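Undergrad: Quick one: sequence plus predicted model below, questions after.
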Amino acid sequence: MLFLALLISVIAIYFLQSSFFEKHSFDDIDYNVKVSTEETFEDEDIFIYEEISNGKTLPMPYARVDTSLPDGLSFRITEFRGGAAVDTLRPHVESIFVLKSREKIRRRWRVNCGRRGVYTVGSAVVVANDLFGMNPMSKGFRCEARHDNTVVVLPKPIDLDEHFTSSFYHSGDVITNHGLLTDPLMIAGARDYTQFDPMNRINWKQTAVHGKLMVNREEYTRRHRFDLLLNMNSRDIEKDAVHPSDPGSVELAITVCASILDRVSGENIPVRLIANTPPDAISDDYRADTEGLGRDILFTPAFEGKRDMISALRLLAAVKMEMSCPIERMLDYVLEHSAAFAESGNLIVVSAYISERMIVFHDAMRRRGVNVIFYVTTTNRNADAIPPNVEVYFKTHSD
């Protein structure tokens with residue numbers, strides 16, 4: 001009888017404590033996360049500070065915390081293998097500990113910022129258990145967005161001359177551009193025609209004199225305004241009307257835009273950004289128009305010089321990986337309002353591909369006196385042939 005009484009007592013104690021822990025384990029449990037910096041660049045590391053506190057008298061004998069990061073951020077964990085330190089990147093980490101009565105546990109994690117964007121950290125699932133370890137229970141925690149737990153990851157500029165090459169580079173001498181744009185009114189002389197020169201630069205008088213094709217050698221100007229058009233489509237026809245099927249190529253296009261802005265930041269050249277991405281992700285003031293298709297087109301004020309460079313990069317960091325309208329409709333809209341979108345007379349189009357429609361757009365803009373240059377982040381093209389008067393820069397395969 002004594003054994004039976006003890007057994008009943010143990011069972012009763014088990015169910016009582018199990019019920020008690022189930023009801024009160026997460027009472028006064030607080031979870032908070034802060035970041036070491038509110039702004040950084042791609043591929044840089046930051047620290048996040050995680051705090052879990054138990055404000056009640058009842059301890060938590062078993063606590064497993066599964067901490068997760070938004071897609072684009074990764075925990076950098078250093079492991080020792082064969083006597084050597086090896087870094088691994090993980091989207092989440094797990095840790096187990098005992099949370100005593102009225103105790104706070106603070107931890108620091110090293111986090112790699114792998115992709116541009118605006119990230120709010122502070123997401124975890126806490127798994128608790130009773131004294132016997134037989135009744136696991138869990139609760140999710142998510143911190144509200146604040147300035148001290150949000151990090152802006154800015155796109156990191158790349159060397160355009162290293163990563164892109166003209167579609168006309170075949171063999172022989174290659175002429176390196178020291179600026180993005182030339183001024184056709186500033187003629188420095190003439191030189192022999194090369195296979196990658198646009199036809200509109202041919203100097204017919206010098207050609208007649210020398211008996212061979214000659215082109216104008218134009219000076220590169222440091223005060224030439226231009227506009228930057230970003231295509232959020234990854235291919236000519238997307239399966240989804242909102243999300244590009246190849247976001248990696250669009251991310252590279254955003255990086256190219258950042259690189260162009262960085263390249264001209266020291267020259268005080270005004271640059272405006274045009275894109276078929278939702279403007280409301282950045283500012284309602286950055287719309288091409290307040291009604292019609294213009295509401296869906298991002299159109300920014302001019303960024304000029306180093307003082308505006310960070311603002312431009314912050315804008316690119318906040319760009320959603322979404323298409324607000326088809327690229328064809330945006331090109332038609334820009335063509336219809338070319339006086340507003342390309343008043344500088346120069347337009348750089350950054351896209352994952354080049355299509356027949358873009359070449360038609362190039363010719364139509366040229367007739368309006370606007371010079372259009374293309375940067376293409378893949379080898380994809382829907383155009384059967386690129387006319388010699390179209391200046392296109394394709395991504396190289398060096399990396």
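TA: Sure thing, it's come through.
Undergrad: partners of residue 41 in the sheet?
TA: In this entry, residue 41 is beta-bridged to residue 154, by DSSP bridges.
Undergrad: gap between residue 68 and residue 111?
TA: As judged by CB to CB, to the nearest Å, residue 68 and residue 111 stand 12 Å apart. For the C-beta atoms, the positions are set from N, CA and C on the backbone; glycine is no exception.
Undergrad: out of the two, which sits in the more crowded spot?
TA: Taking neighbours as other CB atoms under 10 Å, residue 68 and residue 111 compare with residue 111 leading, 23 against 18.
Undergrad: And the pLDDT at that one?
TA: On the pLDDT scale, residue 111 is placed at 97.
Undergrad: just residue 196 next, same as before
TA: With respect to pLDDT, residue 196 has a value of 52.
Undergrad: Let me see the backbone angles for residue 346.
TA: Main-chain torsions, residue 346, degrees, to the nearest 10: phi -140, psi 140.
Undergrad: swap that for residue 37, please
TA: phi -150, psi 150.
Undergrad: roughly how far apart are the residue nearest to it when sequence neighbours are not counted and residue 31?
TA: Counting by CB to CB, 6 or more residues apart in numbering, residue 37 lies nearest to residue 46, which is 5.4 Å off, once chain neighbours are set aside. Separation of residue 46 from residue 31 (CB to CB): 19 Å.
Undergrad: so what's residue 347 up against?
TA: Residue 347 sits next to 226, 227, 228, 229, 341, 365, 370, 371, 372, 373 when contact means CB atoms under 8 Å, 6 or more residues apart in numbering.
Undergrad: quick one, helices of the stretch 101-250 of the chain?
TA: Secondary structure of the stretch 101-250 of the chain (DSSP state H, counting those that start in this stretch): helices at 160-163, 204-210, 247-264.
Undergrad: Nearest approach to residue 63 belongs to which of those?
TA: Nearest to residue 63, of all those, is helix 247-264, at 36.8 Å by CB to CB.
Undergrad: Run through the neighbouring helices and strands of the closest one.
TA: In terms of contacts (3 or more CB pairs under 8 Å, 6 or more residues apart in numbering; DSSP states H and E), helix 247-264 is packed against helix 160-163, strand 226-230, strand 271-275, helix 305-318, strand 346-351, strand 371-376.
Undergrad: ok so, going back, can you pull the phi and psi angles for the residue nearest to residue 37?
TA: Torsion angles, degrees, to the nearest 10, at residue 46: phi -130, psi 180.
Undergrad: Run a quick check on it versus residue 40, I expect a contact.
TA: Yes. With contact defined as CB atoms under 8 Å, residue 46 reaches residue 40; the gap is 5.6 Å.
Undergrad: Now do the shared contacts for these two.
TA: Common contact partners of residue 46 and residue 40 (CB under 8 Å, 6+ apart): 113, 151.
Undergrad: Buried residues in stretch 137-146, which are they?
TA: Buried positions in stretch 137-146, judged by neighbour count with 16 or more other CB atoms under 10 Å: 141, 143.
Undergrad: hang on, I meant stretch 254-272
TA: Within stretch 254-272, the residues scored as buried using 16+ other CB under 10 Å are 254-265, 267, 269-272.
Undergrad: Tell me how far the closest residue to residue 314 other than its chain neighbours lies from residue 44.
TA: By the measure of CB to CB, 6+ apart, the closest residue to residue 314 outside its immediate chain neighbours is residue 152, 6.0 Å from it. Noted for residue 152: a distance of 12 Å to residue 44, by CB to CB.
Undergrad: the more surrounded of these two?
TA: Taking other CB under 10 Å, residue 152 and residue 44 do not tie; residue 152 has more neighbours (19 against 15).
Undergrad: ok, that one - contacts?
TA: Residue 152 sits next to 38, 39, 40, 118, 314, 317, 318 when contact means CB under 8 Å, 6+ apart.
Undergrad: swap in residue 266?
TA: 305, 306.
Undergrad: part of a helix, is it?
TA: Yes. The assignment for residue 266 (DSSP: H, G, I helix; E, B strand; the rest coil) places it in a helix.
Undergrad: Have a look at this structure and report the helix or strand with the lowest mean pLDDT.
TA: strand 182-192 (a mean of 53; mean pLDDT, DSSP states H and E).
Undergrad: So which residues lie in contact with stretch 70-83, not counting its own?
TA: By CB under 8 Å, 6+ apart, the list of residues contacting stretch 70-83 from outside reads 45, 67, 69, 85-93, 109-117, 119-121, 123, 153.
Undergrad: now it, how far from the chain's geometric center?
TA: Going by CA atoms, centre = their mean, to the nearest Å, the spacing between the C-alpha centre of stretch 70-83 and its chain's C-alpha centre is 22 Å.
Undergrad: didn't residue 319 look like it was pressed against residue 254?
TA: Yes. The pair residue 319 / residue 254 is scored as a contact, 6.2 Å apart, by CB under 8 Å.
Undergrad: shared neighbours of these two, anything?
TA: Applying CB under 8 Å, 6+ apart, one finds that residue 319 and residue 254 are jointly contacted by residue 230.
Undergrad: And the nearest residue to residue 295 once chain neighbours are set aside, what's its pLDDT?
TA: Leaving aside its chain neighbours, residue 295 sits nearest to residue 287 (5.5 Å; criterion: CB to CB, 6+ apart). For residue 287, the model assigns a pLDDT of 91.
Undergrad: since we're on residue 287, how many residues are nearby?
TA: Residue 287: 19 surrounding residues under other CB under 10 Å.
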